[in-house]
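# Using only what follows, build the 3D model:
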Amino acid sequence: YATIFNSLLRPLQEFFYRRAIERTQIKDSPVFILGHWRSGTTLLHSLIAEDPEVQSLRSLQMYSPSPPPGAGPVVSERVAYAQRRVEEWLDFCPGQKPMHPYSDKGAWQLIEDEESFSLDFHTAYVYHYFHVPTLEPMAVPDADPVGAFSFHRELLQHWQWNTGKTRWACKGPSHQNNLD
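Below you'll find the model as predicted:
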């Protein structure tokens, strides 16, 4: 009965959250960490993300984006699911461990912003689609950076809503070519 009850209430919950999240303002301009591969951007990103007032995207948010963190505590099942997915990737590609010093944080590890574009299929980020054998890594089905970054902003609003935090540290190679 709980599943039926939850299913019936879901549209109401989505309506309530969507309106509140859409009104969420990103007041402080995000810090965009730019640079070429192997130039220290990962280290800088991880240092800035240690500030408790700064938000950065995490694997948990990619693998289990809803409900938003402002809706209440994150349930252990969501964390466990994201943890398993991160461990699968690291088992598949152990070379990632030395390149990303925060991979030991599992579900709470930092991610690059392009990973979040995978939620809207603006990017087929290899990290999330490595089980698809014929997929070309970083394939971009929709070469619309405006759409991808518009979706990115909506995600930041979603994950910022009701948390009391307004500062973001964003990192990803695509920012370099798309910021004005």
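
# Please, which helix or strand holds Asn162?
According to DSSP states H and E, Asn162 maps onto no helix or strand at all.

# wait, I meant His158
For His158, the host element (DSSP H and E) is helix 145-160.

# how close does Tyr102 sit to Asp28?
23 Å (Cβ to Cβ, to the nearest Å). Heads up, the C-betas are built off the backbone N, CA and C, glycines and all.

# next one: Pro67
24 Å.

# Comparing the two, which shows the higher neighbour count?
Neighbour count, other Cβ atoms under 10 Å: between Pro67 and Asp28, Pro67 has more, with 16 against 12.

# What residues does the residue nearest to that one when sequence neighbours are not counted make contact with?
Leaving aside its chain neighbours, Pro67 sits nearest to Tyr17 (6.9 Å; criterion: Cβ to Cβ, 6 or more residues apart in numbering). Listed by Cβ atoms under 8 Å, 6 or more residues apart in numbering, the contact set of Tyr17 reads Pro67, Pro68, Ala71, Trp161.

# Now do the phi/psi pair for the last one.
Spelled out, that is Trp161. phi -50, psi 130 (degrees, to the nearest 10).

# Show the contacting residues for it.
Contacts of Trp161 by Cβ under 8 Å, 6+ apart are Tyr17, Ala20, Ile21, Thr24, Pro68, Gly70.

# can you pull out the strands in this structure?
Along the chain, the segments classed as strands by DSSP state E run 31-33, 54-55, 167-171.
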